[in-house]
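>>> next come a sequence and a model predicted from it.
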Amino acid sequence: MAEIFKDFRWIHIAFGSVALLAFWIPAMAPKGGRLHIRVGWVYVACMSVVVLTAFIMSGMAFTVPLSIRNFSRPLSTEEAARFVRSSRELGLFLAYLGGVTLAAGWQGIRVLRTRRDPKSLRGPFTLALNVALVAAAIGVLALGITERTWAFIGMSSVGMIVGGGNLSHLLKGPQSKMHWWYEHLASMIATGIAGYTAFLVFGGSRMFPALARTQFFALVWILPTLIGVPAIFAAVGYYKRKFHENGGSSGAGKVSVSATV
């Protein structure tokens, strides 16, 4: 079982590394251009593998925590209990980040597919996914308060923002002509927040073990959120001004936009 878990972890790391690098190309490339679309799909494909393997590993970490590690010596009862508890907490957190990525990515892609028929975006799966994400965020918040884990408390806001924002868009419907553009932009940045958070949480502890043992490591966990959430508001605000949808008359029709997916 430990070898199977290790194989999934390497697949997760490999595709995640490509995704984190690819993220910046569509982010910086001209929106709707060939480079943006092609590399964007590479990013989506890699993140899909990342989410799938995250769910598989989190399930294994929660159900058979003692079987996914090769221990150099037998653990005492107390050590085993402590390891099981830690493994399950991290497994739940990994599943939570996978859920954030899935909900944000699904919204970001579907909003393009349904931009000519926005009502079709409000399907049972999309609604259930975002309700589940908000519930999971509340659970992470409760766990963080119970265990006094500040990183869990801070990261619970991401699920609430993503899930709550998606539900607001689904239930209220389009509020502007270019709603799909803003929703796509915000959602894809959110997948980057989740991806880089997972990288810092699980990779950072191995690259900086001394820092990981201090209370300041919690700040590393929430660093992508502290950067990414303001970036979402700044990017959406920029394009609303560009499309003249920031309180003025709409001029979106004057802007050439290509986002064929």
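Yep, it's here. Numbering: from 1, shown residues only.
>>> the helices in the stretch 1-150 of the chain, which residues?
Counting by DSSP state H, counting those that start in this stretch, the stretch 1-150 of the chain has these helices, from start to end: 2-22, 24-28, 34-63, 77-113, 124-147, 150-172.
>>> just the stretch 151-261 of the chain next, same as before
Secondary structure of the stretch 151-261 of the chain (DSSP H, counting those that start in this stretch): helices at 179-198, 204-207, 209-212, 217-242.
>>> report the contact partners of residue 157.
Going by Cβ atoms under 8 Å, 6 or more residues apart in numbering, residue 157 touches 137, 225. In this view, the C-beta of every residue, glycine as well, is placed from N, C-alpha and C.
>>> again, 7 Å this time
Listed by Cβ atoms under 7 Å, 6 or more residues apart in numbering, residue 157 has no contact partners.
>>> about what we covered before: in TSV, list the helices of the stretch 1-150 of the chain along with mean pLDDT and distance to residue 198.
Shown next, in TSV, are the helices of the stretch 1-150 of the chain (pLDDT from 0 to 100; distance: least, Cβ to Cβ, whole Å):
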stretch	mean pLDDT	distance to residue 198
helix 2-22	93	7
helix 24-28	93	17
helix 34-63	94	7
helix 77-113	90	5
helix 124-147	93	14
helix 150-172	87	10
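>>> ok, the residue lying closest to residue 187 once chain neighbours are set aside - how many residues close by?
Computed as Cβ to Cβ, 6 or more residues apart in numbering, the closest residue to residue 187 that is not its neighbour in sequence is residue 108, at 3.2 Å. For residue 108, the count of nearby residues is 22 (other Cβ atoms under 10 Å).
>>> same check, this time on residue 244
The burial count for residue 244: 16, using other Cβ under 10 Å.
>>> residue 171 too?
With other Cβ under 10 Å as criterion, residue 171 counts 10.
>>> below-threshold pLDDT in the stretch 151-261 of the chain: ranges please.
Applying pLDDT under 70 to the stretch 151-261 of the chain picks out residues 205, 208-215, 246-261.
>>> rewinding a little: tell me the contacts of the residue nearest to residue 187?
By Cβ under 7 Å, 6+ apart, the contact set of residue 108 is 184, 187, 188, 191.
>>> now it: how far from residue 186?
Residue 108 sits at a distance of 8 Å from residue 186 (criterion: Cβ to Cβ, to the nearest Å).
>>> ditto for residue 99
17 Å.
>>> the residue nearest to residue 224 when sequence neighbours are not counted: neighbour count?
For residue 224, ignoring the flanking residues on the chain, the nearest one in space by Cβ to Cβ, 6+ apart is residue 196 at 4.1 Å. Using other Cβ under 10 Å, residue 196 has 19 other residues around it.
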